[in-house]
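Student: With the input below, show me the fold.
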Amino acid sequence: MKKAVLATLIGAALFSGATLAADQGSDFDRVEARFIDYGDDVDGFGLDGRVMLSESIYFTADYAHTSVSSLDMDEVLAGVGYKHEFSEKFTGFADVNLAYMDVDFDVNGQSYGDDDTGYAVQIGGVYRLTPAVEFSGLVRHIDIDDDDQQFELAARWYINSQFSLSATYADSFDSDNRDGYFLGAAWHF
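Tutor: Model (predicted):
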């Protein structure tokens, strides 16, 4: 009996994701909350959002707060981008962003802080494997005080046409302090 109920629930979840997400294509209109884990006790949370301004132009914004022992870091990326649907299943995108970073830390009870601005450029693609499953990847160059290159690989599962869950692996080419993963839940509008 328990197996039948479990199979029914799994089947209903897969069916609802497949049928309700089928008409979306690559959905860029979304707001997502993320849990961030860079390992070595560095974790935090983030908010990510994209809004289509026209059929091809979008606004994007990302906020991340991470912390480890006495160090807190806030990062913001905000900019505009262009997407192009190469096929029904594959969409490419590129965007340019203003980047801001604020770092606060304590040393022997004394508080210190630093903030800086720069820019970020990223390019990537989104591939819809099935109506309910999507894979994406991007390469990013960030220039805030020092240059940094990163890449992300992600998988997204659409529960229905308005909600999805995601898992992302992130890696920095230049250092290990940005290697980790994000787990997210998004609302699509």
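Student: Going by C-alpha atoms from here, please, whenever you check contacts or count neighbours.
Tutor: Noted.
Student: Could you measure from L71 over to D146?
Tutor: The spacing between L71 and D146, counted by Cα to Cα, to the nearest Å, is 19 Å.
Student: Export stretch 147-159 to CSV, keeping only CA atoms.
Tutor: The C-alpha trace of stretch 147-159 is given here as CSV (Å, rounded to 0.1, in the frame of the first residue of the first chain):
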residue,chain,number,x,y,z
ASP,A,147,39.8,40.0,-11.9
ASP,A,148,38.0,36.7,-11.3
GLN,A,149,36.6,34.1,-13.8
GLN,A,150,33.9,31.7,-12.7
PHE,A,151,31.6,29.1,-14.3
GLU,A,152,28.3,27.6,-13.1
LEU,A,153,26.5,24.5,-14.2
ALA,A,154,22.9,24.1,-13.1
ALA,A,155,19.8,21.8,-13.3
ARG,A,156,16.3,23.0,-12.8
TRP,A,157,13.1,20.9,-12.2
TYR,A,158,9.8,22.6,-12.9
ILE,A,159,7.2,21.5,-10.3
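Student: List the buried residues in it.
Tutor: Neighbour-count burial for stretch 147-159 flags 148-159 (criterion: 16 or more other Cα atoms under 10 Å).
Student: Next: stretch 57-68.
Tutor: Residues of stretch 57-68 classed as buried: 57-67 (neighbour count, 16+ other Cα under 10 Å).
Student: Please list the members of the residues you listed that lie in strands.
Tutor: 57-67 (DSSP state E).
Student: Can you add distance to A120 and give these back as a markdown table?
Tutor: What follows is these, written out as a markdown table (distance: Cα to Cα, whole Å):
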| residue | distance to A120 |
| --- | --- |
| I57 | 17 |
| Y58 | 16 |
| F59 | 14 |
| T60 | 12 |
| A61 | 12 |
| D62 | 11 |
| Y63 | 13 |
| A64 | 15 |
| H65 | 17 |
| T66 | 19 |
| S67 | 22 |
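Student: With that, I have no additional questions.
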